[in-house]
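Student: need a structure here:
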Amino acid sequence: MNFELSPEQQLLGDTVRGYLLTEHPVARILARAEAPDDNLDDVWDGLNALGLAGIAMPEEFGGLGLGVLDLAVAAEALGYGAAPGPHLGHWLASLAVARGGSASQRARWLPGLSSGATRAALVWDDAGTPVLGGAGADVYVVRTAAGFEIAAAGPAVTVRRRPGIDLTRPIDEVTIEAAALEPLPAADSDLAAYVRAVGHVLVAADAFGGALRCLDLSVAYAKTRRQWGQLIGQFQAVKHQLADLALLVEPGRGLYWYAAHALDAYRLGAAEAAALAKSHIADSYVRAARSAIELHGGFGYTWECDVHVYLKRALLDREYLGDPESLRQEIAAHVLAPA
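Tutor: Numbering: from 1, shown residues only. Reported below is the predicted structural model:
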């Protein structure tokens, strides 16, 4: 079985990564995220000009008609560049509409969702799961016991910003009056499970991209920072730390690639593979970011060093849609359940 990315998928990842590093480097994103009047809309528009909003949307509605693996490749690039914005929630909400909406709902919402002219936010539950990009959304997709419902932004929707450590991805609490909600008729518990599994893959991909960036930043710093007259990369202890960091990060690539492939191919155990990828890579991301800060020495603890941005993103990735401990318990319960 060939698990190499296609040339088109490699080009997608390289293009998104190159755009972010060139046009929106982390230091600039952080400075703008601190400005209360800067909504970073140009980052959203620029990424959507590359086709990101509609990667997995049907071609008949202006999307690219691609799969979960393509979404994950893009998510890795967003994680590598610490991209701000609500693409993760937008993708998941759009998938729910595309697969669960009626013909009229699809015709109304999907063209805008595919182009990015309409922003979607996913409201997963009322148990404290953060809503990514809730404040700027035009439409909200809400998971319910039966499946999903949808509501347009308006007076019936209340959005309250919640304190969060990740300045690149603010989180919100969204409350919607029941009368404003419209069911997605083809959405059911199976679709909710599928959307959650896709979410696990995308978080894992974002986490892998961020962890890979921590590794690259640490290697680059070791090649330029001098101590006692020589590059710190020449010290054996630093070499060991960098080798351990590489061994921590690199195996995650195959985990999220396989999970995405399993979802695209509707393979048995795809949801468990997605949960496993999310739990392992999210944990590794936190460890990688902490190790990168240590490798940067005293500079790593300062605001001017980019690495702290990735540690904060890692903490959000670890908790969103289930922390690693709870996901491992779910996997164990499924595997050990009586036949």
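Student: ok, the nearest residue to Gly85 once chain neighbours are set aside to Leu64 distance?
Tutor: Closest residue to Gly85 apart from its sequence neighbours, by Cβ to Cβ, 6 or more residues apart in numbering: Trp44 at 4.9 Å. C-beta: built from backbone N, CA, C; applies to glycine. Counting by Cβ to Cβ, to the nearest Å, the gap from Trp44 to Leu64 is 17 Å.
Student: what of Gly85?
Tutor: For Gly85, the distance to Leu64 - Cβ to Cβ - is 18 Å.
Student: tell me which of the two has more neighbours.
Tutor: A direct count of neighbours by other Cβ atoms under 10 Å for Gly85 and Leu64 places Gly85 higher, at 28 against 17.
Student: ok so, going back, check contacts around the residue nearest to Gly85.
Tutor: Counting by Cβ atoms under 8 Å, 6 or more residues apart in numbering, Trp44 touches Gly85, Pro86, His87, Gly116, Arg119.
Student: also Leu315?
Tutor: Applying Cβ under 8 Å, 6+ apart to Leu315 gives the contacts Ile165, Asp166, Val286.
Student: which of those residues has the largest number of neighbours?
Tutor: Asp166 (22 neighbours).
Student: let me see the confidence value for it.
Tutor: With respect to pLDDT, Asp166 has a value of 89.
Student: go on, Ala339?
Tutor: 59.
Student: cool, Val335 as well?
Tutor: On pLDDT, Val335 comes in at 81.
Student: secondary structure class for it?
Tutor: Counting by DSSP: H, G, I helix; E, B strand; the rest coil, the backbone at Val335 sits in helix.
Student: what do you get for Glu149?
Tutor: Relying on three-state DSSP, one would call Glu149 strand.
Student: what's the answer for Tyr221, then?
Tutor: Once three-state DSSP is applied, Tyr221 turns out helix.
Student: and the gap between it and Gly297?
Tutor: Plainly put, Tyr221 is 9 Å away from Gly297 if you go by Cβ to Cβ.
Student: likewise for Val286?
Tutor: 20 Å.
Student: could you do Ile232 as well?
Tutor: Counting by Cβ to Cβ, the gap from Ile232 to Gly297 is 8 Å.
Student: with Gly63 instead?
Tutor: 46 Å.
Student: ok, the two, which is more surrounded?
Tutor: Neighbour count, other Cβ under 10 Å: between Gly63 and Gly297, Gly63 has more, with 21 against 14.
Student: looking at it, the more buried one is touching Met57, isn't it?
Tutor: Yes: counting by Cβ atoms under 8 Å, Gly63 touches Met57, with 2.5 Å between them.
Student: give me the pLDDT for Asp38.
Tutor: For Asp38, the predicted pLDDT is 65.
Student: same question for the one 5 residues further on.
Tutor: Model confidence at Val43, given as pLDDT, is 90.
Student: am I right that it is in a helix?
Tutor: Yes: secondary structure of Val43 (three-state DSSP): part of a helix.
Student: and it, what is it in contact with?
Tutor: His24, Ile29, Ala83, Pro84, Gly85.
Student: and those residues as CSV, adding pLDDT?
Tutor: What follows is the contacts of Val43, written out as CSV (pLDDT from 0 to 100):
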residue, pLDDT
His24, 91
Ile29, 84
Ala83, 93
Pro84, 89
Gly85, 85
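Student: now those as TSV including secondary structure?
Tutor: Formatted as TSV, the contacts of Val43 follow (three-state DSSP):
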residue	secondary structure
His24	coil
Ile29	helix
Ala83	coil
Pro84	coil
Gly85	coil
